[in-house]
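Enquirer: Fold the following for me, if possible:
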Amino acid sequence: MPTIRNSKTAPVVASAALTIDETADYLRICRSTVYKLFREGQLKPAKVGGRTLVRRVDADEFLERCVA
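Expert: Next up, the predicted model:
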């Protein structure tokens, strides 16, 4: 798994799953757009317990589809 360096802290291991806020930051979109992408079937949510997460690979695949 890739390591992300933060200038203020020790290295942080990149997570395989992103929260809604992290997904929005990662894709550079707002939270409401993340939910819109869920509704349209363009991005797949993963429910873990009571949390809604997005697999990083799904976010990356979404970006690849946008570029293609």
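Enquirer: Work out for me the element the closest residue to L18 other than its chain neighbours sits within.
Expert: The shortest distance from L18 to any residue that is not its chain neighbour, by CB to CB, 6 or more residues apart in numbering, is 4.9 Å, and that residue is V54. Just so you know, the C-beta spots here come from the backbone N, C-alpha and C atoms, and that holds for glycine as well. Secondary structure assignment for V54, by DSSP states H and E: strand 51-55.
Enquirer: roughly how far is that strand from the heart of the chain?
Expert: Counting by CA atoms, centre = their mean, to the nearest Å, strand 51-55 is centred 8 Å from the centre of its parent chain.
Enquirer: which residues are in contact with that strand?
Expert: Contacting residues not belonging to strand 51-55 are listed as A16, A17, L18, T19, I20, T23, V34, L43, K44, P45, A46, K47 [CB atoms under 8 Å, 6 or more residues apart in numbering].
Enquirer: Check the burial of the closest residue to the second one other than its chain neighbours by counting its neighbours.
Expert: I take that to be A17. Across the structure, with CB to CB, 6+ apart as the measure, the residue nearest A17 apart from its sequence neighbours is L53 (4.2 Å). A count of nearby residues for L53, using other CB atoms under 10 Å, gives 19.
Enquirer: Centroid-nearest residue for the chain?
Expert: The structure's the chain has its C-alpha centroid closest to T23; by CA atoms, centre = their mean the separation is 3.0 Å.
Enquirer: residue contacts, that one?
Expert: Shown in contact with T23 (CB under 8 Å, 6+ apart): V34, L43, V54, A59.
Enquirer: so where does it fall, helix or strand?
Expert: Take DSSP H and E as the rule and T23 turns out to sit in helix 20-27.
Enquirer: Could you check that helix and say which residues are buried?
Expert: When burial is assessed from 16 or more other CB atoms under 10 Å, helix 20-27 yields the following buried residues: I20, E22, T23, A24, Y26, L27.
Enquirer: circling back to that earlier point, just the ones of the contacts of strand 51-55 in strands?
Expert: If you go by DSSP state E, the contacts of strand 51-55 have A17, L18, A46, K47 in strands.
Enquirer: quick one, what contacts the last one?
Expert: Yep, that's K47 we're talking about. For K47, the contacting residues are L53, taking CB under 8 Å, 6+ apart as the criterion.
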